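# Return a 3D structure for these sequence lines:
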Amino acid sequence: MSLNPFPALRRGFGVFWRALDATRRVVFNLIFLLILIAILVAIFGGGVKPLKEKTTLVLDLQGPLVEETPGGVREAVLANVSGDVKKSVQLRDVLAVLDSASKDSDIGGMVLMLDDLQGGGLASLREVAAGVERFRASGKKVVAWGASYNQRQYLVAASANEVYVHPMGGVMLEGFGRYRNYYRDALDKVGVTVNLLKVGTYKSAAEPFIANGPSEAAAEADRYLNNGLWTTYTNDVEKARKLPAGAIMQSINDLPALLTAAGGDLAKLSVNAKLVDGLKTRDEIRSLMMERGVRNADGTNFRQVSYSDYLARLRPSHLGDAVGVVIASGEIGDGVASPGAIGGLSTSRLIRQAREDKQIKAVVLRIDSPGGSAFGSELIRRELELTRAAGKPVVVSMGNVAASGGYWISTSSDEVIADAATITGSIGVFAILPTADKVIEKLGIHTAGSPTTWLADSGNPLRPLDPRFAQVIQGSINHVYGDFINLVAKARKTTPEKVNEVAQGRVWTGLQAKDRNLVDRIGSYGDALASAAKLAKLSPGYRVAYLEQETSNVDRLIGMFGAKAMASLGLGEHVKLGLAGTGLPTDAALGIANDFSWLSSLTREHKPFMALTHCLCTVPLDGK
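Numbers count the residues shown, from 1 in each chain. Here you go, the predicted structure:
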């Protein structure tokens, strides 16, 4: 009788394989279940340890202070994963942390660490300073420390109970305003003619390309604006530091003598001028907080929670009646824009979404924009008009800048609230058409053709501007300006003639605009939320819902590859290359390149010309 072992082996291997497969499925199911439990715990289980009493909040703000994270939250996460981190701080997050911490019984005080706060407009910084003051009003002490303070950092630091600086640091207050570059002679040398058509005596955005210096009107407007902003800044600091009126200006005027008296020591000068309360190193601040507060578990530091960790603890509600907030931050275009910019279509879509959401009872439009496309601005204004017609109140909250197109979109609202330092107005329109006919003439290049009408190739930048085309554009701009004036007159309940007196493309501070009936009142972002809730008759405890644009995968790919390709072809990039060997300082060369990038971008628009409501203005901080 022969013995065949193969069937037994086959059966044994089958049993083993089924057992192995069952084990594999059990293991993978357990792993999946653990992951699912971890996700559910992260979402619903708190995920963070409760704070202990007398914890100090460390407000360590890193990056520029912005209304909206450029590119959106998803892009910020992807950038963090890839290591390409460009940090920024959202104003609304800072205010939420400050207001929550002021009511948190476990938070005993706060330390401001502002070395990495890299930028922010005056209105936004005043909002943060006011938030620090509300925190102090709850009876909790605030200590500020910095290796040194620039102008923007110091505005926030001055709101603390005590301000310290490193012995090798100091406080540098410079004032507002800057010198601009003017390119008329340079453009003449290369043969480029910039044709500017505008309405508004003070509409000076494109002056650098047609002149060698500012017009008298532009210089007058700039002085008035900068002096108004500087008065607001110095008044805030002098009030916070209990300094006599005019003390900061006097210190700047006497700076050489004061620095000599301090032996050239800027830190000592800052103490003498009562801008800081003392000089301390970082470890000395740590020791001070350990003495005043509670030590951590191992006794090496004070009990603390960082800004980012505390922010992670705040969980907004998604149920109940709400005030919807749409952020309009950046330049205004016609179509779809990613967060950090304004698209006529995309921002209108967010407003429409708020209007159609039954839980949202009122809308706050938070504006931080120098303007842009008149058409894009009108798309947004119309959507706000429809929202009001649907019975939902609209309140405009102006941030750092709400000028030109940024002012246009404010004209369909129940109330306009600006900060004292908001830059607003600039009610004017212009179009700019560069032509390079003299450039190609120098190169020996000629153009010719047989179009059926004079209008067929009228926008060709390689030919001189046809006077008939210029007349058409000017007529169109005049019409858009008339629409702008009429919109403002209707919104402000006045006449076009009276609006025209304060329009003409001139920019104003929020306080100056209030005196000229361009805004309803001076107030904060929080005031705008409260006003919208009151108009909608919402009970206390209402929530705030932010409506945000999410970029698609296709948009993201275009942004990663297409934008870089376009940038490589831009005039600004060529200017950078041309300036590389001139010996100009880097910042100066970049400033010139940025100016020409803006000019170049106008020539790439899909229309033969675009009516622009743009103030081309920036918030003047740190002398810029």
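
# From now on I want contacts and neighbour counts done on CA atoms only, so please keep to that.
Fine.

# Tell me how many other residues crowd P467.
P467 has 10 neighbours, counted by other CA atoms under 10 Å.

# Quick one: low-confidence residue ranges for the stretch 501-624 of the chain.
Scanning the stretch 501-624 of the chain for pLDDT under 70 picks out 550-610, 616, 618-624.

# Assign a three-state SS to L197, would you?
What DSSP: H, G, I helix; E, B strand; the rest coil gives for L197 is strand.

# er, L187 actually
helix.

# thinking it is in contact with N195, fair?
No: applying CA atoms under 8 Å as the test, L187 and N195 come out as separate, 11.9 Å apart.

# hey, what's the residue nearest the centre of the chain bridged with?
The residue lying closest to the centre of the chain (CA atoms, centre = their mean) is V66, at 3.7 Å. Using DSSP bridges, the bridge partners assigned to V66 are Q90.

# Do you know the pLDDT at it?
Confidence at V66, expressed as pLDDT, is 95.

# and what of the one 3 residues further on?
T69 is assigned 89 on the pLDDT scale.

# Confirm it sits in a helix?
No: assessed by three-state DSSP, T69 does not belong to a helix; its assignment is coil.

# From V401, how far off is it?
17 Å (CA to CA, to the nearest Å).

# thinking the residue nearest to the centre of the chain is in contact with Q90, fair?
Yes: contact criterion CA under 8 Å: V66 and Q90 qualify, at 5.0 Å.

# sorry, back to before: quick one, which of T69 and V401 is more surrounded?
V401 (32 against 22).

# Show me what that one is bridged to.
I423.

# what does A545 give?
G324.

# Correct me if wrong: it contacts D321.
No: assessed by CA under 8 Å, A545 is found out of contact with D321, at 9.3 Å.

# Between the two, which contacts overlap?
In the contact map built from CA atoms under 8 Å, 6 or more residues apart in numbering, the residues linked to both A545 and D321 are I360.

# how about the helices in the stretch 151-300 of the chain?
151-157, 184-190, 216-240, 247-253, 255-261, 266-272, 282-292 (DSSP state H, counting those that start in this stretch).

# Highest mean neighbour count out of the ones you listed?
helix 151-157 (a mean of 24; mean count of other CA atoms under 10 Å).

# Give me the helices and strands touching that helix, please.
Here helix 151-157 touches helix 122-137, helix 216-240, going by 3 or more CA pairs under 8 Å, 6 or more residues apart in numbering; DSSP states H and E.

# looking at those, which is closest to Y183?
Of all the helices and strands packed on helix 151-157, helix 216-240 sits nearest to Y183, with 16.2 Å by CA to CA.

# Residues touching that closest one, excluding its own?
Outside helix 216-240, the residues that touch it by CA under 8 Å, 6+ apart are 122, 155, 158-159, 175-177, 201-204, 244-249, 420-421, 506-509, 512, 620.

# and the angle for it with helix 122-137?
10 degrees (axes from the mean of the first three to the mean of the last three CA atoms, to 10 degrees).

# what's the distance between helix 216-240 and the middle of its chain?
Offset of helix 216-240 from its chain centre (CA atoms, centre = their mean, to the nearest Å): 21 Å.

# now stretch 64-71
Distance, stretch centre to chain centre, for stretch 64-71: 5 Å (CA atoms, centre = their mean).

# Next: stretch 94-104.
With CA atoms, centre = their mean, you get 21 Å for stretch 94-104.

# Kindly report the same for stretch 187-206.
The answer for stretch 187-206 is 28 Å, by CA atoms, centre = their mean.

# Same check on stretch 405-418?
Averaging C-alpha positions (CA atoms, centre = their mean) puts stretch 405-418 18 Å from its chain's average.

# go on, stretch 111-122?
Worked out by CA atoms, centre = their mean, stretch 111-122 lies 14 Å from the chain centre.

# now do the same end-to-end measure for it.
21 Å.

# Would you give the sheet partners of the helix or strand harbouring W508, along with the direction of each?
Assigned by DSSP states H and E, W508 falls within strand 507-509. Strand 507-509 pairs in its sheet with strand 423-425 (antiparallel), by DSSP bridges.

# and the partner strand, average pLDDT?
96.

# same thing with stretch 151-160?
Stretch 151-160 comes out at a mean pLDDT of 97.

# Next: stretch 349-367.
Rounded mean pLDDT across stretch 349-367 is 97.

# Off-centre distance for that stretch?
Using CA atoms, centre = their mean, the offset of stretch 349-367 from its chain centre is 21 Å.

# how long is that stretch from one end to the other?
16 Å.

# what do you get for stretch 269-286?
Span of stretch 269-286 from end to end, CA to CA: 24 Å.

# got the contact list for it?
Residues outside stretch 269-286 that contact it (CA under 8 Å, 6+ apart) are 145, 158, 162-167, 170-171, 241, 243, 251, 258-259, 262, 267, 301-302.

# Could you rerun that using 7 Å?
The contact list for stretch 269-286, computed with CA atoms under 7 Å, 6 or more residues apart in numbering, reads 162-167, 170-171, 241, 258-259, 262, 301.

# Now do the contacts for A402.
A402 neighbours (CA under 7 Å, 6+ apart): 367-370, 423-424.

# 8 Å instead, please
367-371, 422-425.

# Pull up the per-residue confidence for it.
A402 is given a pLDDT of 97.

# Give me the distance between it and L243.
A402 sits 31 Å away from L243, going by CA to CA.

# same check, this time on L314
37 Å.

# which one of these two has more residues nearby?
Set L314 next to L243 and count neighbours by other CA under 10 Å: L243 wins out with 16 against 12.

# how much space between the more buried one and V336?
48 Å.

# can you check L30 too?
44 Å.

# Between these two, point out the one with more neighbours.
V336 (19 against 12).

# could you say which helix or strand contains that one?
Counting by DSSP H and E, V336 is found in no helix or strand.

# so what's it up against?
Taking CA under 8 Å, 6+ apart as the criterion, V336 is in contact with 342-347.

# Could you tell me which of the residues you listed belong to helices?
Counting by DSSP state H, the contacts of V336 place 344-347 in helices.

# PyMOL command to pick out the buried ones of these?
Command for PyMOL, covering only those of the ones in helices among the contacts of V336 found buried under the criterion 16 or more other CA atoms under 10 Å:
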select buried, resi 344+345+346+347
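
# can I get the ones in helices among the contacts of V336 in a markdown table with distance to F484?
Shown next, in a markdown table, are the ones in helices among the contacts of V336 (distance: CA to CA, whole Å):
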| residue | distance to F484 |
| --- | --- |
| G344 | 17 |
| L345 | 20 |
| S346 | 22 |
| T347 | 20 |
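
# Can you tell me which of the ones in helices among the contacts of V336 comes closest to L465?
Closest to L465, out of all of the ones in helices among the contacts of V336 and judged by CA to CA, is G344, at 29.3 Å.

# roughly how far apart are that closest one and R381?
Distance from G344 to R381, by CA to CA: 9 Å.

# likewise G63?
Where R381 is concerned, G63 sits at a distance of 32 Å (CA to CA).

# Name the residue in these two with the higher neighbour count.
R381 (24 against 18).

# Verify the contact between the more buried one and G406 for me.
No: contact status for R381 versus G406: not in contact, 10.1 Å apart, counting by CA under 8 Å.

# In contact with Y307, which residues?
So Y307 contacts 57-61, 97 (CA under 8 Å, 6+ apart).
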